[in-house]
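Participant: Quick one: sequence plus predicted model below, questions after.
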Amino acid sequence: MKLFKYALYTLGGFALLAVIGLVAAMMIVDGAFLKNRLEREMKEDFQRTLVIEGTPRLSLFPSVTLDLGRTRLSESASDKEFLSLESLKVAVRLMPLLRKSLQIDALSLSGLKVNIVRAKDGSMNFADLAGKPEKHDSGEAPHTESRGKPPAIHLAGAKIENVALNYRDESTGQTIAVLVPNLDIGPIANEAGGAIAFRADIRGTKPQVEVKISLGGNMRLDLAKESFELKGLAFEAKGGMDRDTLSATFSAPEVKVTPDKATGAGIAGSLTLRGPQRSVDATLKVSAIEGSAAALSIAAFVLELDAKLEGNALKAHVETPIKASLTDRSWELPAVLANLTFSGPAIPQKTVTLPLRASLKANLAKQSASADFSTKFDESTIKATFAASKLQPLHAKFDLNVDRLNLDRYLVEKPAAEAQPDKPIDLSALKGPQVEGKVQVGALQVKQAKLQNIKAEIKLSGGKLVVPHYSAGLYTGTLSGSLTVDANSNRFQLANKLNGVFIGPLLRDVAKKDLLEGRGNLSLDVETTGSSVTALKKALAGSAKVELKDGAIKGINLAESLRNFKSTLGSKSAQRGNDSGKKTDFSEMSASFVIKGGVARNDDLKMASPFLRLAGVGNVDIGNSKIDYLAKATLAATTKGQGGPADAVGLTVPVKLYGPLEKPDWSIDFSGVLGSVGGAFGGGAGKITEQLKSATGAAGGGVKDKLKGLFGR
């Protein structure tokens, strides 16, 4: 008995302590305390100024009730207004919260105004209020798993008036204002539904927007029992965008889903957009809903789209059945059938039809998804698979297989765009996701380049995109290499090797130039870092090497030009020759480059043929798009069988290349020519000088014109 008595005393003591604690809390945590605490913490933690006019009314029992008057909150470290409201009242019952039941006795809000700003650097003016997500040791945000059934909800009603949401993008000048005169929500409880009435005006600039929307109907929501009901739901939007008119409707006559049964009439929607430059017609039809919350079934989801924009058009038909489990939060589109037809002047063959077949699955509770995709159009068959073990942040694998693809059939070369300011390179999209996969393409043509048997492995993790190995067949040779892009430091690394490639057809296809023939190897191993294209070019470092055999420089016969140099000096004019069919054959050509600070240095250019030697040294300034290079062409020790004068043997003509890489200029180093002519032809410097003056003087034009004629340029 004593033990029972002590137990009663103990329970009574706990009850008394609870009552004393509640009374103390009501005495200490009053409206003035709450106001001072909130205003101080906003200033100390967020550098924002919070002003609450008057003293808030606060009570803790039987409901947690807060009644605020006029309130204003500034932007961080600024006097600019971020948020303001005229009044707010909310009352939540305290005891049901302990039983995981949310019972809201009152909710009213009036005169809310929020100013959202996106700065030029992409940051939002509310980002600091969101706080930093909790992170694990790995640095990733924790994965949120299901934590049991959600609480039951009871809302006695809500009335929201005169809400204004304003958005401004400082980089584009775009503005959007959403004005909500009223939002009325009737009683919503687990066993009873309530009416919803909503109106809003949306206005904006860049583009000019003025749209009115309305929503009405009845809704019942029971999260604890995983059921909901919609009845007579109707949505309508009308207005304009720039010079276009917009009209949209959506209706759901009756949809009811419970753990035991799901029923519902068809759902329908439409959208129409009309304007001088574009038009859009879209319709949505959803067949009757069957099954239950755990096994929801929709026989047909059908979307029709007909859109035109500045001469381009898209017609689409998409249909699929839908299976879902609201209990497991899983969705499945088991058989997606789609036909997309693109047409317009931007497509070389004017029209392309793309049939798609796909299946998709997603489990939101487990944060997983998978998809299979296939299409066959023109001469191409494409298959792809995708599987994600985690959606946020993304952890996924993929496999892409294409038998053949000619991208030139669907792309049109655009005129060169005007030079734009050097914009920063944004690699932030690489941070967070973890993706790995394989790509295989049997044959690919892009920008007229033709590749075969392409294989590549791709890995993305920790903000680093790595292609550890890729390979392809290229003009009877091979291409292989690796690529790394590190978003953490904006670092790029590339290693490329071309072996046994025929350079002539490659240049003709890609550069539209018929300048060079030969077969050989090219290696490139470079890295760079920087936040813009210019910075990347100026930080480029590494090495490159070219080796060609049994080739030719087309459009000029250097040996013939050098052999004719003596007779040209004695003539009164130098006529431009016919370049067609001329070429300079070589048995081998090689050059290596050391790249530092965006400058590629070459000291060992060598080209050998039976009648000619070519050497060169100089710099190619990639960072500043300039070249400063000296090439020297020398006749070989024999001219037998070439029909040229034997006394031209050993003649060397130095040619200097300089200026912008896009359009370099050239000139002759006359001091080098004088020394070479003196050695090859004999005679003193004065005699040679007179010969040069005679060849480049009164016969018409300057020195460069004479030499252009000499070399057929």
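Facilitator: Sure, I can see it. Numbers count the residues shown, from 1 in each chain.
Participant: which residues of the stretch 151-300 of the chain score low on pLDDT?
Facilitator: Along the stretch 151-300 of the chain, the model assigns pLDDT under 70 to residues 151-153, 188-193, 223-226.
Participant: now do 80
Facilitator: Counting by pLDDT under 80, the stretch 151-300 of the chain contains low-confidence residues at 151-157, 185-194, 220-228.
Participant: What ranges does it have for its strands?
Facilitator: 152-155, 158-169, 175-185, 194-205, 209-222, 227-241, 244-257, 262-264, 267-274, 278-286, 289-291, 296-309 (DSSP state E, counting those that start in this stretch).
Participant: Pro433 is nearest to which of those?
Facilitator: With CB to CB as the criterion, Pro433 lies closest to strand 158-169 of these, at 25.8 Å. All C-beta spots, glycine's among them, are computed from the backbone N, C-alpha and C.
Participant: quick one: pLDDT of the residue positioned nearest the centre of the chain?
Facilitator: Nearest to the geometric centre of the chain sits Ala429, at 7.1 Å (CA atoms, centre = their mean). Residue-level confidence at Ala429 comes out at 90, pLDDT.
Participant: Let the chain start at 41 from now.
Facilitator: Sure thing, new numbering starts at 41, so read that last one as Ala469.
Participant: so what's it up against?
Facilitator: Residues in contact with Ala469, defined by CB atoms under 8 Å, 6 or more residues apart in numbering, are Ala527.
Participant: ok, it to Leu380 distance?
Facilitator: Distance of Ala469 to Leu380, computed by CB to CB, to the nearest Å: 25 Å.
Participant: Now the nearest residue to Pro473 once chain neighbours are set aside. Its backbone dihedrals?
Facilitator: Among residues not flanking Pro473 along the chain, Leu434 sits closest, at 4.0 Å (CB to CB, 6 or more residues apart in numbering). Main-chain dihedrals, Leu434, degrees, to the nearest 10: phi -70, psi 130.
Participant: Going along the chain, name the strands of the stretch 41-190 of the chain.
Facilitator: Taking DSSP E, counting those that start in this stretch to define them, one finds strands in the stretch 41-190 of the chain at 90-92, 97-99, 103-108, 111-114, 121-125, 127-133, 141-150, 153-158.
Participant: Just give the nearest non-adjacent residue to Val297, would you?
Facilitator: Closest to Val297 by CB to CB, 6+ apart is Ala333, at 5.2 Å.
Participant: quick one, what contacts the one you found?
Facilitator: Contacts for Ala333 were tallied using CB under 8 Å, 6+ apart; they are Glu266, Ser267, Val297, Thr298, Pro299, Asp300, Ala302, Ser365, Leu366, Thr367.
Participant: Just confirm the third one contacts Phe268, I think it does.
Facilitator: Yes. The pair Val297 and Phe268 qualifies as a contact (CB atoms under 8 Å) at a distance of 5.8 Å.
Participant: Counting neighbours, go ahead and name the busier of the two.
Facilitator: Val297 (21 against 17; other CB atoms under 10 Å).
Participant: count of neighbours near His393?
Facilitator: One correction, residue 393 is Thr, not His. When neighbours are defined as other CB under 10 Å, Thr393 has 12 of them.
Participant: Identify all contacting residues around the helix or strand Leu576 falls within.
Facilitator: Following DSSP states H and E, one finds Leu576 within helix 573-578. Residues from elsewhere that reach helix 573-578, judged by CB under 8 Å, 6+ apart: Asp462, Lys463, Ile465, Phe532, Thr568, Thr569, Gly570, Gly637, Gly638, Ile662, Gly663, Asn664.
Participant: let's see 7 Å
Facilitator: When contacts are defined by CB atoms under 7 Å, 6 or more residues apart in numbering, helix 573-578 is touched by residues Asp462, Ile465, Phe532, Thr568, Gly570, Gly637, Gly638, Ile662, Gly663.
Participant: I'd like the average pLDDT over the next helix or strand after that helix.
Facilitator: Downstream of helix 573-578, the first helix or strand assigned by DSSP H and E is strand 581-594. For strand 581-594, mean pLDDT rounds to 91.
Participant: quick one: low-confidence ranges for the stretch 441-590 of the chain?
Facilitator: Residue ranges of the stretch 441-590 of the chain with pLDDT under 80: 450-463.
Participant: could you pull out the strands for it?
Facilitator: Secondary structure of the stretch 441-590 of the chain (DSSP E, counting those that start in this stretch): strands at 474-486, 489-501, 504-514, 517-526, 531-542, 556-569, 581-594.
Participant: Could you count how many residues lie near Ala167?
Facilitator: 11.
Participant: what does Ser630 give?
Facilitator: For Ser630, the neighbour count with other CB under 10 Å is 16.
Participant: contacting residues around the strand or helix carrying it?
Facilitator: Ser630 is located in strand 623-636, with elements delineated by DSSP H and E. Outside of strand 623-636, the residues within contact range by CB under 7 Å, 6+ apart are 558, 566, 580-594, 596-599, 640-642, 644-649, 652.
Participant: related to what we said a few turns ago, show me what contacts the residue nearest to Pro473?
Facilitator: Residues counted as contacts of Leu434 (CB under 7 Å, 6+ apart) are Ala428, Pro473, Gln474, Val475.
Participant: The last one and Ala436 touch, don't they?
Facilitator: Yes. With contact defined as CB atoms under 7 Å, Val475 reaches Ala436; the gap is 5.1 Å.
Participant: wait, isn't Cys449 in contact with Lys390?
Facilitator: I think there's a mix-up here, since residue 449 is Arg and not Cys. No. Using CB under 7 Å, Arg449 is not in contact with Lys390, being 11.0 Å away.
Participant: who has more neighbours, those two?
Facilitator: Taking other CB under 10 Å, Arg449 and Lys390 do not tie; Arg449 has more neighbours (14 against 10).
Participant: Can you tell me how far the more buried one is from Arg397?
Facilitator: Arg449 is 21 Å from Arg397, where distance means CB to CB.
Participant: Figure out which of the strands of the stretch 191-340 of the chain is closest to Gly658.
Facilitator: The minimum distance between Gly658 and the strands of the stretch 191-340 of the chain falls on strand 198-209, with 48.1 Å, by CB to CB.
Participant: Give the partner strands of that closest one in its sheet and their orientations.
Facilitator: Taking DSSP bridges as the criterion, strand 198-209 sits next to strand 141-150 (parallel), strand 153-158 (parallel), strand 215-225 (antiparallel) in its sheet.
Participant: Identify whichever of those lies nearest to Asp443.
Facilitator: Across the strands paired with strand 198-209, Asp443 has its closest neighbour in strand 153-158 (44.2 Å, CB to CB).
Participant: What residues of that closest one count as buried?
Facilitator: Lys153, Val154, Asn155, Val157, Arg158 (16 or more other CB atoms under 10 Å).
Participant: before we move on, back to that, now tabulate the strands of the stretch 41-190 of the chain in a markdown table and tack on distance to Asn258 and mean pLDDT.
Facilitator: A markdown table is the format used below for these (distance: least, CB to CB, whole Å; pLDDT from 0 to 100):
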| stretch | distance to Asn258 | mean pLDDT |
| --- | --- | --- |
| strand 90-92 | 37 | 91 |
| strand 97-99 | 32 | 82 |
| strand 103-108 | 26 | 83 |
| strand 111-114 | 33 | 92 |
| strand 121-125 | 29 | 92 |
| strand 127-133 | 24 | 86 |
| strand 141-150 | 18 | 81 |
| strand 153-158 | 29 | 93 |
